[in-house]
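1. Whatever this is, show me its structure:
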Amino acid sequence: MFTNTIDFRREAEHFLKYGFYCPDPPGTAPYFQYWSEQLKRCTEGYSVGGQYITGHHYFYLNFSQIKLTKTEGGKVVSVSSKIVNFPDFWDGDYKYFIALEEAKKLGKHLIVSKARRKGFSYKNSAVAANLYNTVKNSYTLLAAYDKKYLYPKGIMTMTIDHMNFLNQNTGWAKRRQVVDKQNHKRASYYEYINGQPVEKGYKSEVEAITFKDNPDAARGKDATMIIFEECGVFDNLKDTYMATKPSVEDGGVTTGQMVLFGTGGDMEGGTIDFESMFYNPDTYNLFAFDNEWDEGAHGTNCGFFFPDYQNKVGYMDKHGNSLIQEALTAENARRDQIKKDSKDPGVLDKHITEYPFNPKEAFLQTSHNMFPTAMLNEWRNSLQRTGIYKNVGVYGYVYTSGTGEVKFRPSDSAYPIIKFPHDKGTNVHGCITVWQTPYRDMSGSIPDNLYIIVHDPYAQDGGSGKSLGAAYVMKRVNPVSKPDDMIVASYIGRPDTQDEYNANLFLLAEYYNARIGFENDRGEVIPFAKRTKNLKWLLPEAEIFDKTSNISIRKLGRTYGTSMGSKERKGQAEIYLRDWLKTPRGTSESGEKKLNLHYVYDIALLDELIKYNPKGNFDRVSALLIGMFNLISLYNKNVEREQEDNSEGLFSRELFI
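-> Now for the predicted structure:
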């Protein structure tokens, strides 16, 4: 716990009281000594009573004015308007500035995911202004996908405000005669020597550039610091980052530092790249932290996260310590009220992603995602926390026995792809995962139409592509085997050849007596079925008419499989899948309502559903979208009732012996 933190901002307090920093006249020795000492503190940091803050933090507290909500003793005084003032010392800011300095010492860059309204643009503009003021010949680059995050009301404008404040009120005034543009400031002036202009001065500079449609925008620059604003909107973030790294790295030496930021609620086209980098910091030379925020994630690495309950206005004590439990209680009450008042779950989803408690909540996709992302994320976190997902499925392979019967063999060498997006270098050969074994009637047969396989194929041969083959076995609603209306098995992978994938796919179909519904816009499913005389395992083209939405989803005359080539078809499939996920399934032992989504145990599929947007590559979701058409097309095709079975039939290796 911090105490007496007012000692870190005595200069700001003096300025607020008297309207100036130093009472001594310019040009005098005391004046020079005062500003030399302040420059040292802004460069090397400052300690009081054995407690240290960084130079950037000292500058932020004492020489950068910001707009903030008026508080006294950490409590809100007025919410009607904001005031211009120096920032208070807050513990979350301390953690951030320390992380920034520690990363730099190790030659690491920093990636930050955060809740909304945490003042990071102010903090980062102070960093930019402090570098401009304290490091000769420095070059600070402020980067964003779109210029609206830079100026006229963004981080570049804030930085210029700090520069102007320094010129007006400190002993560090710097002329900007040579370059003084809205997006580029340089501390220099012309001195005429022999009648010719010669550039003189500190020559530090700050420039703002955008990377929209151009990941190479910073190529060739030599930067001291690069600050990326709102990385969640970049649709080329990884390409941009890799193209920009040479600006701050020279061979194996880190010469500058990059800092990447993303705000919950503003995650759009770049969410997947940003999240991938956030959870794999070592891969990108990013400073790694123990993931103390996501449930069940202790012992794994991630970037720096700034939760809603940290530095929450109105929930701070007078020394700048976050009142975390009080903030959590207030925010949970607010979420409960939104859930009660709004019939649209998307309202709660949007609120949670803007004010997240953990990174997973910050990375929820809401702007182009109609799925119940908050509920999906809650279920995913429950599986992660309890570890259930590791135990309910059995991994292995399907094969034809000596008697000609298709069987499933569990294998310790089978590696499912349980991460989305999968990392570079991941073994994507894939395997079969079984959550529920096939139901058999009294004669030992699997009823026709009890199961179907829904499949999204990939286009090219080889294991180097990003797309995976994704197939799920779904048990239809039926009177003979419960639980039903659920995913009971999967085959996700990309082996060396499409023939190998398709061979496993058709063996899986025979094992479950399930015909295959698939997207017929790509892949080799039909040619393979013809070559191997397996057309009987293919579902005919789905025929669906949606009169309520006036969308024509008619057959296209392709005999087998279903096309998802039109925006209308895909949009309708998304609606079907959303409704399927939210279909009630009773209540749990604790009395909580259970939905179809609570019977999904595939972590990677849950991640795809949470991150889904129609323009991205979501193989598992695409398989389910096809599946929705086929389930509806088969709605009136009954499963023959011979013997009712109410047992779970789940999750035991003994079933395969």
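
2. Please, where are all the helices along the stretch 1-150 of the chain?
-> 10-18, 29-44, 55-63, 91-105, 120-134 (DSSP state H, counting those that start in this stretch).

3. can I get those in a markdown table with mean pLDDT?
-> Output for the helices of the stretch 1-150 of the chain, formatted as a markdown table (pLDDT from 0 to 100):
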| stretch | mean pLDDT |
| --- | --- |
| helix 10-18 | 97 |
| helix 29-44 | 98 |
| helix 55-63 | 98 |
| helix 91-105 | 98 |
| helix 120-134 | 97 |
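
4. what residue ranges in the stretch 401-550 of the chain score low on pLDDT?
-> 460-465, 543-550 (pLDDT under 70).

5. For it, just list every one of the strands.
-> Listed in chain order, the strands of the stretch 401-550 of the chain (DSSP state E, counting those that start in this stretch) span residues 406-410, 431-434, 451-456, 469-475, 486-493, 515-518, 544-546.

6. could I get those as CSV with distance to Q182 and mean neighbour count?
-> From N, CA and C alone the C-beta is placed, and that goes for glycine too. Below are the strands of the stretch 401-550 of the chain laid out as CSV (distance: least, CB to CB, whole Å; neighbours: other CB atoms under 10 Å):
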stretch, distance to Q182, mean neighbour count
strand 406-410, 64, 16
strand 431-434, 55, 25
strand 451-456, 47, 27
strand 469-475, 48, 27
strand 486-493, 50, 24
strand 515-518, 54, 25
strand 544-546, 51, 14
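
7. Tabulate the ones you listed in a markdown table, adding columns for distance to N534.
-> Formatted as a markdown table, the strands of the stretch 401-550 of the chain follow (distance: least, CB to CB, whole Å):
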| stretch | distance to N534 |
| --- | --- |
| strand 406-410 | 12 |
| strand 431-434 | 18 |
| strand 451-456 | 12 |
| strand 469-475 | 14 |
| strand 486-493 | 16 |
| strand 515-518 | 9 |
| strand 544-546 | 25 |
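
8. Which positions within stretch 364-373 qualify as buried?
-> By neighbour count on 16 or more other CB atoms under 10 Å, the buried set for stretch 364-373 is 364-366, 369-373.

9. Please parse the protein into its domains.
-> Domains of the chain are assigned by automatic domain parsing as 5-306, 384-656.

10. With E326 as the reference, name the closest of these.
-> domain 5-306 (10.6 Å; CB to CB).

11. Just want the angle from the helix or strand that contains A330 to helix 91-105.
-> Assigned by DSSP states H and E, A330 falls within helix 324-341. Using axes from the mean of the first three to the mean of the last three CA atoms, to 10 degrees, the direction of helix 324-341 lies 110 degrees away from that of helix 91-105.

12. Any chance you could list what contacts helix 324-341?
-> Contacting residues not belonging to helix 324-341 are listed as 308-310, 312, 315, 347-348, 351-352, 355, 357 [CB atoms under 8 Å, 6 or more residues apart in numbering].

13. Format the helices of the stretch 1-150 of the chain as CSV; extra columns: mean neighbour count.
-> Shown next, in CSV, are the helices of the stretch 1-150 of the chain (neighbours: other CB atoms under 10 Å):
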stretch, mean neighbour count
helix 10-18, 14
helix 29-44, 15
helix 55-63, 25
helix 91-105, 19
helix 120-134, 25
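
14. Can you name the residues that contact E589?
-> By CB under 8 Å, 6+ apart, no residues touch E589.

15. again but with T373, I slipped
-> By CB under 8 Å, 6+ apart, the contact set of T373 is 349, 353, 364-366, 609-610.

16. quick revisit: A503: which of the contacts of helix 324-341 is nearest?
-> Sorting the contacts of helix 324-341 by distance to A503 puts I352 at the head of the list, at 43.4 Å, by CB to CB.

17. Validate this expectation: K174 resides in a strand.
-> No. Counting by DSSP: H, G, I helix; E, B strand; the rest coil, K174 is not found in a strand; it is coil.

18. any idea how far R176 is from the nearest residue to it once chain neighbours are set aside?
-> Using CB to CB, 6 or more residues apart in numbering and skipping residues adjacent in sequence, the residue nearest K174 is A187, 4.0 Å away. For A187, the distance to R176 (CB to CB, to the nearest Å) stands at 6 Å.

19. between these two, who's got more neighbours?
-> A187 (24 against 19; other CB atoms under 10 Å).

20. isn't the more buried one right up against E199?
-> No. Counting by CB atoms under 8 Å, A187 does not reach E199; the two are 10.6 Å apart.

21. Give the intersection of the neighbour lists for these two.
-> What both A187 and E199 touch, as defined by CB under 8 Å, 6+ apart, is an empty set.

22. for G493, what are its contacts?
-> 417, 428-431, 468-469, 501.

23. Between those residues, which sits nearest R117?
-> The closest of the contacts of G493, once distances to R117 are taken by CB to CB, is I417, at 37.3 Å.

24. Looking at strand pairing, list the partners for the residue nearest to D602 when sequence neighbours are not counted.
-> Nearest residue to D602, sequence neighbours excluded (CB to CB, 6+ apart): S490, at 6.2 Å. Residues in a beta bridge with S490, per DSSP bridges, are T433, Y472.

25. what's the spacing between S490 and H351?
-> 32 Å.

26. go on, V392?
-> As judged by CB to CB, V392 and H351 stand 31 Å apart.

27. ok, those two, which is more surrounded?
-> The neighbour comparison of V392 against H351 (other CB under 10 Å) goes to H351, with 21 against 15.

28. could you list every residue that touches the more buried one?
-> Contacts of H351 by CB under 8 Å, 6+ apart are 334-335, 338.

29. Need the three-state assignment for E199.
-> strand.

30. now it, nearest residue through space, not along the chain?
-> For E199, ignoring the flanking residues on the chain, the nearest one in space by CB to CB, 6+ apart is S188 at 5.1 Å.

31. who's the one you found bridged to?
-> Counting by DSSP bridges, S188 is bridged to R176.

32. Tell me, what's the model's pLDDT at it?
-> If you check S188, the pLDDT there is 97.

33. wouldn't it be in contact with D180 here?
-> No. At 9.9 Å, S188 does not count as touching D180 under the criterion of CB under 8 Å.

34. Which residues are in contact with K212?
-> 145-146.

35. for Y122, same thing?
-> Contacts of Y122 (CB under 8 Å, 6+ apart): 60, 64, 66, 87, 158.

36. ok, for the fourth one, nearest residue in space, not its chain neighbours?
-> It stands for P87. Nearest to P87 is I66, by CB to CB, 6+ apart, at 5.6 Å.
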